[in-house]
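K.L.:
predicted model and sequence follow; I will ask about them next.
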Amino acid sequence: QVQLVESGGGLVQTGGSLRLSCAASGRTFNSYAVGWFRQSPGKEREFVAAIRWSTGYTKYADSVKGRFTMSRDNSENTVYLQMNSLKPEDTAVYYCAARRSDYVPTTPDSYDYWGQGTQVTVSS
């Protein structure tokens, strides 16, 4: 069984930065893709970024390109989402998700395992 635990959310002003962490346990993730998604009230869960663990290949939503960076730490079995130049529209609950995959899915229903989420609030 795969467990994912997010942390690092909080309240930040427009233009500020946060770094989210997703600690994974239950297995090694060399054959996995890990994604970040976000959901705000009344909206569908949307793709933010994803990484192919084995190669470090990353993919980003257009709305966060150039501002967010996803990375992984093999020794800690943890992925990170560095979020810079935050905007009020980035406010949401952020979730990490994982699936065994040779590619990098961008849709929520492509992922099998989910964390509990962490709230990010960007004030204007």
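P.N.:
Here it is on my side, so go on.

K.L.:
residue 115 versus residue 20, what's the distance?
P.N.:
10 Å (C-beta to C-beta, to the nearest Å). No exception for glycine: its C-beta is placed from N, CA and C like everyone else's.

K.L.:
what sits in contact with each of the two?
P.N.:
6, 96 (C-beta atoms under 8 Å, 6 or more residues apart in numbering).

K.L.:
centroid residue for the protein?
P.N.:
Computing the C-alpha centroid of the chain and ranking residues by C-alpha atoms, centre = their mean puts residue 36 first, at 2.3 Å.

K.L.:
quick check, that residue in contact with residue 93.
P.N.:
No. Applying C-beta atoms under 8 Å, one finds residue 36 not in contact with residue 93, separated by 11.2 Å.

K.L.:
re the thing from before, and the residue nearest to the centre of the chain, bridged to which residues?
P.N.:
Using DSSP bridges, the bridge partners assigned to residue 36 are residue 49, residue 96.

K.L.:
ok, now which ones touch it?
P.N.:
Residue 36 neighbours (C-beta under 8 Å, 6+ apart): 20, 22, 48-50, 70, 79, 81, 94-97.

K.L.:
ok, and the most crowded of these?
P.N.:
Most neighbours among the contacts of residue 36, by other C-beta atoms under 10 Å: residue 96, with 31 neighbours.

K.L.:
that residue and residue 22 touch, don't they?
P.N.:
Yes. The criterion here is C-beta under 8 Å, and residue 96 meets it with residue 22 at 3.5 Å.
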